[in-house]
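In: could you look at this predicted model? Sequence included:
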Amino acid sequence: MSNIKINRALVSVFNKDGLEDVIKCLSRHEVELISTGGTQAFINNLGIECTAVEDLTAYPSILGGRVKTLHPSIFGGILTRRDNQEDKNQCEMYDISPIDLVIVDLYPFVDTVKNGGTTEEIIEKIDIGGVSLIRAAAKNHKDVVIISAKDGYAELTKILDSQNGETTLEQRKQFAKKAFAVTAQYDTAISRYFAQGSLDTDEGLTLSFGQSESLRYGENPHQKGEFYGDIRERFDFIQGKQLSYNNLLDVDTAVHLVEEFDDPTCAILKHNTPCGIASRATALEAYTTAFSCDPVSAFGGIIVINREVTKEIAEEIDKLFFEVLIAPAYTQEALDIFGKREKRIILLDKKGRDDTVHSYRTILGGLLAQERDTRIETKDDLKVVTTKMPTKDEIDTMLFAMKVVKYCKSNAIVLAKEGQVLGAGYGQTSRVDALRHAIEKARAMGFDLQGAVLASDAFFPFSDCVEIADKAGVTAVIQPGGSIKDQLSIDYCNEHDMAMCFTGIRHFRH
């Protein structure tokens, strides 16, 4: 029979939030309750009768609470098949009564790790009995309802009140599906903790990103899209519509880019690529300078600033149509300005720095995994390979430009001067084309390239790029080096009074 009446339930939860309503619902439907320790006390305090697990198993909670429910009287009641005569006979022989509902949550392992718990505290938050109860009930969903987290309480209460204490097979199957997802995520968190950030494991790679959020669509309107994870761990949503698939890609690049800078910095991105970025003495100057890099491309872009957004900054940004604004703080006056157009997305960055270690991409039915490119070049990484030494200003600009080129699609070239991007070329199949595009962009925006610095994400196989850059006015070049023909570029720079530094660090971004 598809519909089953709940007569007997086991309830044992770590977090009691929201439990009162579902317990009262079960009492209304005359469900016999079985529980443990703190949960039993909670139920009794509601004035509702509850049988202790110890009374069924004839064993107390032992080993510091590690063993409470692991007993045939409990698991036999959950796993017995109601339509199996042999199961019935054995349950009668051992005095085991069926359990129709299991409400269990898991110890807060993830929170304990996040909150900096000791090794002993973390290990003790690896749930054994809870996971076993959830899996047993979910396995036997043909006869048993499993509620594996508090977000299922309201749904269960609604079902029982509307169906006179009964559930359908389809409802039980849906609860089981959620339950197996809960245990999968839990086991993944434990596995990742023991892996200690390593990708090199013989056991394979296990990932879990929690519940999904349906997006309006994917990259294009005809594609469905989902986001797996909790973006609210990083951001507070101040206002605006739901972030789209493309918004999320841009936001990810935006926050990773700006977190590389300590000075007041603003970046404007479009299609997952920076179209304007500048560092200045104040956040207002940083925004206006970043905007001047490419006002045309900035339209409809993503803006990120690493300082508080004040009224003065908001008044300038308000002149532009933008999709998303990200900052670590806002004055109330600034929010009042943005609030006049409610669809614009305003995010408050609570963390300011991403602590994720790896990045992943799906390919060919599989997964590529790598460490994130978090390397930031410093003055100590620069190896001057030319006769001419770069000036202090050129070195500062080199390091600035190298941070930006990391976030441009390869082949990538960035032209910069005095903490501002003048032009960028990216996503080209040849480095020469990327450079020519960067020069054309800078000239179209009216920038003077005389004295500019060039940053390249990878080496030059020939001297053609430095020659083109020289004729455009570039006086200093920063690149990884490593070509078998590096000397061609070095010789050209020496012959034309240009400075060039190698970093030994490539920044491909495909």
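Out: Yep, that arrived.
In: so what does R232 have for phi and psi?
Out: Dihedral angles of R232 (phi, psi; degrees, to the nearest 10) stand at phi -70, psi -10.
In: what does the pLDDT read for it?
Out: Looking at R232, its pLDDT stands at 88.
In: next one: G197
Out: Note on G197: pLDDT of 60.
In: before we move on, what about T206?
Out: Note on T206: pLDDT of 66.
In: domains in this structure, as residue ranges please.
Out: Residue ranges for the domains of the chain, per the TED database: 4-195, 238-349, 379-502.
In: of all the ones you listed, which one comes closest to L367?
Out: Of all those, domain 4-195 sits nearest to L367, with 13.9 Å by C-beta to C-beta. Every residue, glycine included, has its C-beta placed from N, CA and C.
In: what are the boundaries of the strands in the stretch 301-450 of the chain?
Out: All strands of the stretch 301-450 of the chain, identified by DSSP state E, counting those that start in this stretch, fall at 301-305, 322-327, 345-349, 358-363, 366-371, 383-384, 413-417, 420-425.
In: just the residues contacting the first one, thanks.
Out: The list of residues contacting strand 301-305 from outside it, by C-beta atoms under 8 Å, 6 or more residues apart in numbering, reads 247, 250-251, 254-255, 257-258, 264-270, 275, 283, 286-287, 313, 317, 320, 322-327.
In: and if you look at the shortest one?
Out: Taking C-beta under 8 Å, 6+ apart as the criterion, the residues outside strand 383-384 that touch it are P390, G481, A499, M500, C501, F502, T503, G504.
In: longest helix in the protein, please.
Out: In the chain, assigned by DSSP state H, the helix with the most residues is helix 169-195.
In: now that one: buried residues?
Out: Within helix 169-195, the residues that count as buried by 16 or more other C-beta atoms under 10 Å are 171-172, 175-176, 178-183, 185-186, 188-193.
In: could you dump the contacts of strand 383-384 to JSON lines with pLDDT?
Out: Shown next, in JSON lines, are the contacts of strand 383-384 (pLDDT from 0 to 100):
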{"residue": "P390", "pLDDT": "96"}
{"residue": "G481", "pLDDT": "95"}
{"residue": "A499", "pLDDT": "97"}
{"residue": "M500", "pLDDT": "97"}
{"residue": "C501", "pLDDT": "97"}
{"residue": "F502", "pLDDT": "97"}
{"residue": "T503", "pLDDT": "96"}
{"residue": "G504", "pLDDT": "94"}
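In: in TSV: those, plus neighbour count.
Out: Output for the contacts of strand 383-384, formatted as TSV (neighbours: other C-beta atoms under 10 Å):
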residue	neighbour count
P390	22
G481	21
A499	22
M500	27
C501	26
F502	21
T503	22
G504	11
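In: let's see which of the residues you listed end up in strands.
Out: Among those, the members found in strands (DSSP state E) are A499, M500, C501, F502.
In: what sits against the first one?
Out: When contacts are counted by C-beta under 8 Å, 6+ apart, A499 touches V384, T386, K388, M389, P390, T391, E394, T475, A476, V477, C493.
In: hmm, back to that, JSON lines for the contacts of strand 383-384, including distance to N115?
Out: Output for the contacts of strand 383-384, formatted as JSON lines (distance: C-beta to C-beta, whole Å):
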{"residue": "P390", "distance to N115": "46"}
{"residue": "G481", "distance to N115": "44"}
{"residue": "A499", "distance to N115": "49"}
{"residue": "M500", "distance to N115": "49"}
{"residue": "C501", "distance to N115": "44"}
{"residue": "F502", "distance to N115": "44"}
{"residue": "T503", "distance to N115": "38"}
{"residue": "G504", "distance to N115": "39"}
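In: out of those, which comes closest to D373?
Out: T503 (13.0 Å).
In: contacts only, for A314.
Out: Counting by C-beta under 8 Å, 6+ apart, A314 has contacts Y330, T331, E333, A334, L335, I337, F338.
In: mark which of these are buried, thanks.
Out: Listed as buried from the contacts of A314 are Y330, A334, L335, I337, F338; burial here means 16+ other C-beta under 10 Å.
In: which of those residues sit farthest apart?
Out: The distance between the two most remote of the buried ones among the contacts of A314 (C-beta to C-beta) is 9.7 Å, for Y330 and I337.
In: stretch 456-467: end-to-end distance?
Out: One end of stretch 456-467 to the other measures 14 Å (C-alpha to C-alpha, to the nearest Å).
In: list the buried residues of that stretch.
Out: Of all the residues in stretch 456-467, those buried under the rule 16+ other C-beta under 10 Å are S456, D457, A458, F459, F460, P461, S463, D464, C465, V466, E467.
In: among these, which ones are in helices?
Out: Using DSSP H, the buried residues of stretch 456-467 in helices are D464, C465, V466, E467.
In: how close does the second one sit to M498?
Out: Applying C-beta to C-beta, to the nearest Å, one obtains 12 Å for the distance of C465 from M498.
In: which residues touch T69?
Out: When contacts are counted by C-beta under 8 Å, 6+ apart, T69 touches L10, S12, T36, V53, T57, F75, G129, S132, L133.
In: the last one against S12, yeah?
Out: Spelled out, that is L133. Yes. Counting by C-beta atoms under 8 Å, L133 touches S12, with 7.4 Å between them.
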